[in-house]
Each structure stands twice: as C-alpha cells, then as structure tokens.
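> need a structure here:
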Amino acid sequence: MAARRWSDVVLFAVVVPVALFFAVVFILFRPYWIPSGSMKPALLVGDYLLVNRAAYGFPALMCRLSSCEASMGPFGGLPARGDVATFVHPKRETHFIKRVMGLPGDEVALKDGIVVLNGTELSQEPLAPFTEVYALDEGGMRCSNAPVEIGAVCEKTQSREVLPNGAIYAVLNLKEGLSSDSAGPFVVPEGHVFVMGDNRDNSLDSRFPAERGGIGFVPLENMVGRAEIILFSLKGREGRLFKWVQ
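Alright, predicted model coming up:
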C-alpha cells in the first residue's frame, strides 16, 4: 500500500507537471524549418526553429475558424517593427517568414536599397561581407562575386540596419541598381503589415503584389507567430544550436 502511495506521489509531482509543460509548449509554439535564403543572414537554409504562436494572439487557423481579430487576441497585440514573423500568404495556404517593417498607417519605400520609413531613411552601417560556400541546394543562392563554382566562396555585401524602435539586424545586398532596390512608397492599410526579407535582392515580399508572385500587404489575421529561437540546423551548421532569432 505504501509503495502505491509513493508511485501516486511521483505521478502527480513529476509526471503530470512534465506532461502539462510539454502540452503547453506544443500549443503555444510551432516548429518551423527554413527552406529558402530570403532571410539570410538571420535565418539560414535548414535552420529548425520555434515560433511563438501566442505573440500576436490566436494562431491564423483559429482566427479564420472563429472570425477573431489577430490584433485583439488574449495573448498579444500588433507585431513590432523588426519582428521576424511567420504568416499565411494572402492568396494561398502557404506559410512564409519575413521581417515586419511597416505597421498600419506607415509609409514604406525603398530608395537605392535604403528603406525609407515614414519619410526617414533607416541607417545602414557597412559590415564585413557575408560569405558562404556555394551550393545548389541553398534555395537559389546568388552571389555578388558571380560566377562562382560549386564549393567556392559566395559573397554578398552586408550592412547593419536600425529601426526607430531600436531593432538591429543585418541585411544583405547583391549589387546596386536592381529593380528591387527602389520601390514605393507603400501606405500600409489598416489591419495589415508590410514585410521584407533581410536578403533584400533575393526576397519576394511586400514590395511585390501577391498577384505577381510576391506577398503584398499581409492581413493581421494571417499572422501566425514570432520566430523566437533556432534549435539547430538540419544541415549541421556550426553556431546554430539554441540561437535566439534577431
């Protein structure tokens, strides 16, 4: 009888709390792997990360089923500029991940590769070039030092960009004068956000309308969550173990 009581104590003191912990993690967080290079250098192809589905309220699927407002969910509110967020594409049931650059009412433009937010150019500080080994399975890798052979070093210009709210992150540039370097201005409508990839010359994002293969403005109810932490790299890259997303 005493042995049974001890087993009951272990069950309720250890097993049940652990099970509840993993249940909460499963509900609030969603695993996500990176299939393309549009968010380099923050996210690399093969990164396996956790997305906080409570960051902006209900997950997108729950909102569509219940007609709730993502910005009025019980766990969160509007995304912050600079958040790396996952969302459902406005025109098809596909999940994307980009950086939030504009909120409802913001005016966003690009001028010669520089983001202009509400009339103010974002500062960009030059960094050392971003380098990686050229491979065919890297989600359409493009290099500023092209042509590059397989296994050779692929380079891109890298800069540190700063948003007005203090968010700091690195962005990549392939070369000057591309059509994607100048766009807008775009005025973000109510109930939407404007998103961009950090790999600026290799990202189809809000600069391009959804009808033409881009994303356009993303409805708030399509927001799924905020990327929080990289657990590991499916490609076995070094330095990707339990790395916070910036």
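> Isn't P41 up against Q158?
Yes: using C-beta atoms under 8 Å, P41 is in contact with Q158, at 6.8 Å. C-beta: built from backbone N, CA, C; applies to glycine.
> quick one: common contacting residues for the two?
Applying C-beta atoms under 8 Å, 6 or more residues apart in numbering, one finds that P41 and Q158 are jointly contacted by 130, 170, 172.
> Redo those as a markdown table? Include secondary structure and pLDDT.
Putting the shared contacts of P41 and Q158 into a markdown table (DSSP: H, G, I helix; E, B strand; the rest coil; pLDDT from 0 to 100) gives the following:
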| residue | secondary structure | pLDDT |
| --- | --- | --- |
| F130 | strand | 96 |
| A170 | strand | 98 |
| L172 | strand | 96 |
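> Identify, from these, the entry nearest to I230.
Here the nearest of these to I230, counting by C-beta to C-beta, is A170; it sits at 15.0 Å.
> out of the shared contacts of P41 and Q158, which is most surrounded?
Within the shared contacts of P41 and Q158, neighbour counts (other C-beta atoms under 10 Å) peak at L172, which reaches 27 neighbours.
> what's the distance between it and S159?
8 Å (C-beta to C-beta, to the nearest Å).
> which residues in this protein form helices?
Under the criterion DSSP state H, the chain contains helices at 2-10, 16-28, 60-66.
> one step back: for the shared contacts of P41 and Q158, which one is nearest A109?
Checking those one by one against A109 (C-beta to C-beta), the nearest turns out to be L172, at 19.4 Å.
> and that closest one, bridged to which residues?
Using DSSP bridges, the beta-bridge partners of L172 come out as Q158, N199.
> correct me, but it touches G197?
No: in this structure L172 lies outside contact range of G197 using C-beta under 8 Å: 9.1 Å.
> ok so, going back, pick out the shakiest of the helices of the chain, pLDDT-wise.
If the helices of the chain are sorted by mean pLDDT, helix 60-66 sits at the bottom with a mean of 47.
> hang on, D106 packs against V188?
Yes: applying C-beta under 8 Å as the test, D106 and V188 come out as touching, 4.8 Å apart.
> what is in contact with the two at once?
By the contact definition C-beta under 8 Å, 6+ apart, D106 and V188 are jointly contacted by F194.
> So for the two, which residue has more residues nearby?
V188 (19 against 16).
> Now for the more buried one: which residues touch it?
With contact set as C-beta under 8 Å, 6+ apart, V188 has these partners: 102-108, 194, 217.
> who wins for neighbours among those residues?
Within the contacts of V188, neighbour counts (other C-beta under 10 Å) peak at F194, which reaches 28 neighbours.
> Name the nearest residue to that one, ignoring sequence neighbours.
If the residues on either side of it in the chain are set aside, F194 comes closest to G102, at 3.2 Å by C-beta to C-beta, 6 or more residues apart in numbering.
> Low-confidence bits of the protein, can you list those?
1-26, 58-76, 139 (pLDDT under 70).
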